[in-house]
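Asks: After the sequence you'll find the predicted model.
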Amino acid sequence: MTVDASAVPVFVAADRGLFGDQPVEVSQVGYEQVQALLIAGETEIGWLSPVETTSFIAEGSDLKYFSTAAALNMYNGVVVRTEDAEMYQTITDLEGKRLGIPGYGTGTWATFIAFMNAYYGIEDPDAYFDVVTASSGALLALVERGELDGALLFSGSSAAARSLPQFETIFSFTEAMQENTGQPLVITGSVATSDWLAENGEAAANVIAGLDAAVQWISENPSAFQQGGEYASLAEAAGWLSEPETTSTVLGLIDEGKWYLSSDSYTTEWMTAIRELVVAGGTLETVPTVEEIFLSPDALPAAQ
Amino acid sequence: MERFKEYSAQIASLIIILLGWEISALIMDTRALPPASESFADLVQLIRTGDAFGPLGSTLFRTTCGFALGFVMGCSYGIAAVLSRTFDDLSKWLLQIAMFTPTLILIFLFLVIFGRTSFTVILLIGLVVLPVVGTYIRDSLRDFDEELDGMAASYKAPLRQRVFEMYLPFLIPSMLAAGRIGFTLSWKVGFLAEIFGFSNGLGWQIRTTYQIYDVAKLLAWLSLFILTLLVIEQMMRFAERRVVKW
Amino acid sequence: MNWSVTPKSLLLNALPVAAAVLVWWAATTYILVQPRIYPTPQGVFTELVRIFKNEGPIGEPYTHAAATLWRLTIAWGGGFVAATLLGVLAGRKKWVFDFFSYPVWIAMAVPSVVWVYIFLVVFGIEEMVPILALMILLAAPVFLGTAEGVRSTPKELLEMCDSYKIGTRQRLFHFYLPYIAPYMVANARVSFAYGIRIVLIAEVIGLPNGVGILVGYWSDSLYMAPIVAWGLLLMATGMIVDYCIFAPLQRRIRREAEPRPASKRQPSGNSRLKRA
């Protein structure tokens, strides 16, 4: 199982033995590498965005998204400087302004295009905004310096940006999605090849159960993720500890059950909403069906 | 006295850099550039809690192994290329290719093809160091080659004696010089590989702190990186002086 | 030493490269069948054709390539001139060398990505950010090389200059230059090759054009073939420049400088031999 640093529940589950007897080897890489390894068949389960999974499937990859257990809610989005927050209250106020993005090839940008098409009637965001690319860490520095009016962030930077006093989040993916469809949008979730899922249903079910248990455990033991706590290093790598405010923001959201989702969110309505987002986004010529993208929750046996 | 002047000039430059950093940070007053004092406090914290040693150790381990691999391959290449014209011809283009391949592209390719293990980084470093050390050794050998061989032939020296008493004394200074260049290179390639996706070590720490916009800590890790390199560099210079004297 | 290029040696040069391409083809066709990640030679070739036809996803490849080469040339040229001048000074005055030894080491040790980040924060999104980052990295080895070259200039010669009161200009061109010219060409050559290898890293961040942006784009969307294609192109550029400009230049200078520095350098070798 290969994940990036934001997948804290995966590490917790592995460390506390929440996967039961299921042997799970967890390795941590950067988000981009998760895709490469999964597609290259170097790992069985990877942590991918459902939107990106859809485009991989459309391009012929034999993948299936199979659970939202412990999937990270997509709280990242666009931030502006706090002193500009009056001026830019919604994303459309940034028309013609300098918007920094982490790269044209990134999933975050692809998802952003889909959102602008689907919910804001902006057909060509690249022309609507004055787009500048910069690596994700530099984006915040450039916004703070006033070089950029707004920045579209990856998840890693967004936890920091959400609670730093210098920045104000004016658009977040999951909140925009919830307003429009009533469903959340996640950054990641468990993805595997359909062959592997067909043969290892029980293992997949155990992984899901373990992840749900880990999310539960995290919300019951927030102190383990504070400075000096048992899992402080995990929290640090996920960007929760950069400032005390960040830590309380994140732990607060976890406590409310908003930061990580559980397998309960994995419903037919949710799957349909995700697929409709991709369709409305207009980036794919033919969008695979719900059955092609998602493994039905009933397809797996019960966990041990 | 001479030594004293050398050290004071060296230290003066470091002090000027630190002062420049501190002052520009105070003037700019932004999270993007924290003052030097704040970063060093973070560095001290990293060392005191021992958090610094895990990443430092793994980076150091990979760098050393990769460097050793590249150095041995480079030296063998250099010697073989001088001894055999055919080998030189066979390897010429391959070496040129290795010399000019963009490092970033090598990192991306190695990462997907060989996976994310320490072994991959070691191999990568070895491959980047090989041509640099190799050409250096080859060229310096060639400079003396003709004369030497003529000499050896006229004395009819046996191979063993030729190797130990003629080639090696020549080789050692250039090996040391090539080693120094090679080590800096290894250190940097290893670090870059970590920044672009191997999930531990100093490079990874820098990437993480960078993404969460914790610049003070980023600079703390970077200082640790530079300090270690400087210490190693001093050690190598010391060794070089000793050997050259001998 | 016979350096003429014979058909036989050309064949020997090309043989392993051809073998490597063959292995690449076989591996991606039969073992690692996933063209997106393990591109085949044909796939890379198709991408090369697309690049030459000036077709690409985010702007014209020619524009990107021109921007990258322009940056590389400026950074390399500027870094070379500045570092050579400083290097001459450092070779003459010990304290200058000592003063710069740590900064130069730091310049070399810090990877280009980090330099780019620092400059980006200080200067904002400007063309000069990647140029400056490259310049620093390319200048450092040139500085060290030149200083070494100047220091190897024989003392007697300088004393002679002093006693005849020879002007700085004349001194520079007639006495230093012949000694440091071989070092300068070697420096230029090495730093250009280095520049070709790292220019992409400096470009991944923060600019509207450049090959680095393209490579970042393809790597983000996980297509390896165009990345390999661009790598091949850069590599070819580096090799052509090296072969057509630096190699002949170095040969010429070596030939001209042969009588002096060469005979100066070899005694150490000879004396060791005699001892042996």
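Replies: Done, it's in.
Asks: Kindly report the residues of chain A close to chain B.
Replies: Taking C-beta under 8 Å from any C-beta of the partner chain as the test, the list of chain A residues beside chain B reads A:5, A:27-30, A:32-33, A:36-37, A:40, A:42, A:135-137, A:140-141, A:144-145, A:154, A:156-157, A:159-161, A:164, A:166, A:233, A:236-237, A:239, A:242. In short, each C-beta sits where N, CA and C put it, glycine included.
Asks: Now C:Val142: closest residue in space, sequence neighbours ignored.
Replies: Setting aside the residues directly before and after it, C:Val142 is nearest to C:Ala83 in space (C-beta to C-beta, 6 or more residues apart in numbering or on different chains), at 3.8 Å.
Asks: can you count the residues close to that neighbour?
Replies: 27 (other C-beta atoms under 10 Å in any protein chain shown).
Asks: Apart from its chain neighbours, what residue comes closest to residue 137?
Replies: As the question left the chain open, I've gone with chain A. Of all residues apart from its sequence neighbours, B:Tyr210 sits closest to A:Gly137 (C-beta to C-beta, 6+ apart), at 3.6 Å.
Asks: my question was about chain C
Replies: Taking C-beta to C-beta, 6+ apart as the measure, C:Leu137 lies nearest to C:Ser112, with 5.7 Å between them; neighbours along the chain are not counted.
Asks: Pull up the gap between that neighbour and B:Gly66, please.
Replies: Taking C-beta to C-beta, to the nearest Å as the criterion, C:Ser112 is separated from B:Gly66 by 19 Å.
Asks: which one of the two has more residues nearby?
Replies: For the pair C:Ser112 and B:Gly66, the greater number of neighbours falls to B:Gly66 (29 against 25), based on other C-beta under 10 Å.
Asks: Quick check: the more buried one touching B:Gly190?
Replies: Yes: using C-beta atoms under 8 Å, B:Gly66 makes contact with B:Gly190 at a distance of 6.2 Å.
Asks: so what sits against both of these two?
Replies: Overlap of the contact sets of B:Gly66 and B:Gly190 (by C-beta atoms under 8 Å, 6 or more residues apart in numbering or on different chains) consists of B:Val121, B:Ile125.
Asks: For residue 33, report the pLDDT, please.
Replies: The chain I'm using is chain A. pLDDT, A:Gln33: 71.
Asks: hmm, I had chain C in mind actually
Replies: In the predicted model, C:Val33 carries a pLDDT score of 76.
Asks: Ok, C:Leu69 next?
Replies: Reading off the per-residue confidence, C:Leu69 sits at a pLDDT of 92.
Asks: quick one on the thing from earlier: narrow the residues of chain A next to chain B to just the buried residues.
Replies: A:5, A:27-30, A:32-33, A:36-37, A:40, A:42, A:135-137, A:140-141, A:144-145, A:154, A:156-157, A:159-161, A:164, A:236-237, A:239, A:242 (16 or more other C-beta atoms under 10 Å in any protein chain shown).
Asks: is it true that the residue nearest to A:Gly137 touches C:Val116?
Replies: No: B:Tyr210 is beyond contact range of C:Val116, at 11.3 Å (criterion: C-beta under 8 Å).
Asks: so what sits against both of these two?
Replies: Common neighbours of B:Tyr210 and C:Val116, using C-beta under 8 Å, 6+ apart, do not exist here.
Asks: about what we covered before: the residue nearest to A:Gly137: what's it in contact with?
Replies: Taking C-beta under 8 Å, 6+ apart as the test, what B:Tyr210 contacts is A:Ser135, A:Gly137, B:Leu218, C:Tyr117.
Asks: what helix or strand does it sit in?
Replies: Following DSSP states H and E, the helix or strand that holds B:Tyr210 is helix B:202-211.
Asks: Return the distance of C:Asp81 relative to A:Glu52.
Replies: Careful, residue C:81 is Val; it's not Asp. According to C-beta to C-beta, C:Val81 stands 47 Å off from A:Glu52.
Asks: who has more neighbours, the two?
Replies: Here C:Val81 and A:Glu52 are compared on neighbour count by other C-beta under 10 Å; more neighbours surround A:Glu52, at 24 against 12.
Asks: The closest residue to the more buried one other than its chain neighbours: how many residues sit nearby?
Replies: Ranked by C-beta to C-beta, 6+ apart and with sequence neighbours excluded, the top spatial neighbour of A:Glu52 is A:Gly107, at 4.4 Å. When neighbours are defined as other C-beta under 10 Å, A:Gly107 has 23 of them.
Asks: Please list all residues in contact with A:Gly107.
Replies: With contact taken as C-beta under 8 Å, 6+ apart, A:Gly107 is in contact with A:Ser49, A:Val51, A:Glu52, C:Asp220.
Asks: Nearest to B:Cys75, out of those: which one, please.
Replies: C:Asp220 (39.1 Å; C-beta to C-beta).
Asks: Can you tell me how far that closest one is from chain A?
Replies: Note on C:Asp220: its distance to chain A, by C-beta to the nearest C-beta, to the nearest Å, is 3 Å.
Asks: Counting neighbours, what do you get for that residue?
Replies: When neighbours are counted by other C-beta under 10 Å, C:Asp220 comes out with 20.
Asks: Skipping adjacent residues, who's closest to B:Cys75 in space?
Replies: With C-beta to C-beta, 6+ apart, the residue lying closest to B:Cys75 is B:Ile137, at 5.5 Å.
Asks: I'd say the one you found and B:Leu176 touch.
Replies: No: taking C-beta under 8 Å as the contact criterion, B:Ile137 and B:Leu176 are not neighbours in contact, 11.1 Å apart.
Asks: If you count surrounding residues, which of those two has more?
Replies: The neighbour comparison of B:Ile137 against B:Leu176 (other C-beta under 10 Å) goes to B:Ile137, with 24 against 16.
Asks: For that one, give me its contacts.
Replies: Listed by C-beta under 8 Å, 6+ apart, the contact partners of B:Ile137 are B:Gly74, B:Cys75, B:Tyr77, B:Gly78, B:Ile79, B:Leu171, B:Ser174, B:Met175, B:Ala178.
Asks: May I see these arranged in CSV, with pLDDT as well?
Replies: Written out in CSV, the entries for the contacts of B:Ile137 read as follows (pLDDT from 0 to 100):
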residue, pLDDT
B:Gly74, 91
B:Cys75, 89
B:Tyr77, 90
B:Gly78, 87
B:Ile79, 84
B:Leu171, 73
B:Ser174, 77
B:Met175, 80
B:Ala178, 82
